[in-house]
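> Predicted coordinates and the sequence they were generated for:
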Amino acid sequence: MSKLKHLEEVFRVIELNNETLSLVESCTGGRLSQEVTSIAGASKVYCGGLTPYQDEVKSEVLGIDASLILEKTAVSSEVVLEMAKKGCNFFKSSWCLATSGWAGPEGGTSVDPVGTVYFAVVGPGHESVERRTFSGSNSREEVVEQAVRYAWEYLSKVLQSKT
């Protein structure tokens, strides 16, 4: 299924259930929000998005505990889950999808090398995190594009499991 098909499926399910969506993006840099707002009628389900790129902004704007970011790093399952939870609260949305990762070419750790992206989805009775390491780690653009494609696939899968 194409990226657009996954996004259309996300919209269909959220709208069918009279729910809403928000996004909190770090490594995808607003690309998910851009794709959502390119769809006519997006305002029926899309509340808005934040792109808290710096750790300080994650703490100051979203209210993520700075000690959690220091202990786990911003690219971790714990932090990305908090980003999604705080996104739901900030936008008062039913669902929130959050991303954080190492797009490269610098960054990464021995545990989470360049190309690693964490995805979190929070919604009614649901919290989950996925970790993926994408190829093309020498190309920032390739990593981001693959992350955006997977984000819609992941959210679509979660929503399908809830219906």
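Yes, it's here. Treat the numbers as computed from the prediction; the structure is a model and nothing was measured. Residues are numbered from 1 along each chain as shown.
> Where is the longest helix in the chain?
helix 140-162 (DSSP state H).
> List the buried residues of it.
Judged by neighbour count (16 or more other CB atoms under 10 Å), helix 140-162 contains these buried residues: 140, 142-156, 158-159. Backbone N, C-alpha and C define where each C-beta goes, glycine included.
> Please apply the same query to stretch 11-28.
11, 13-14, 17, 19-28.
> Other residues contacting the worst-scoring helix or strand of the chain on mean pLDDT?
Taking mean pLDDT, DSSP states H and E as the measure, the helix or strand of the chain with the lowest value is helix 3-16, at a mean of 88. Taking contacts as CB atoms under 8 Å, 6 or more residues apart in numbering, the residues outside helix 3-16 that touch it are 1, 20-21, 35-36, 39, 42, 44-45, 94-95, 148-149, 152-153, 155-156, 159-160, 162-163.
> Please spell out which residue in the protein sits farthest from the middle.
Within the chain, residue 110 marks the point farthest from the mean C-alpha position, 22.6 Å out by CA atoms, centre = their mean.
> That one and residue 29, how far apart?
25 Å (CB to CB, to the nearest Å).
> Okay, now the unreliable bits of the chain?
For the chain, the stretches flagged by pLDDT under 70 are 1-3, 136-138, 163.
> and the residue nearest the centre of it, how far is that from residue 48?
Per CA atoms, centre = their mean, the C-alpha nearest to the average position across the chain is that of residue 98, at 2.5 Å. With the distance defined as CB to CB, residue 98 ends up 13 Å from residue 48.
> part of a helix, is residue 100?
No: assignment of residue 100 by DSSP: H, G, I helix; E, B strand; the rest coil gives strand, placing it outside any helix.
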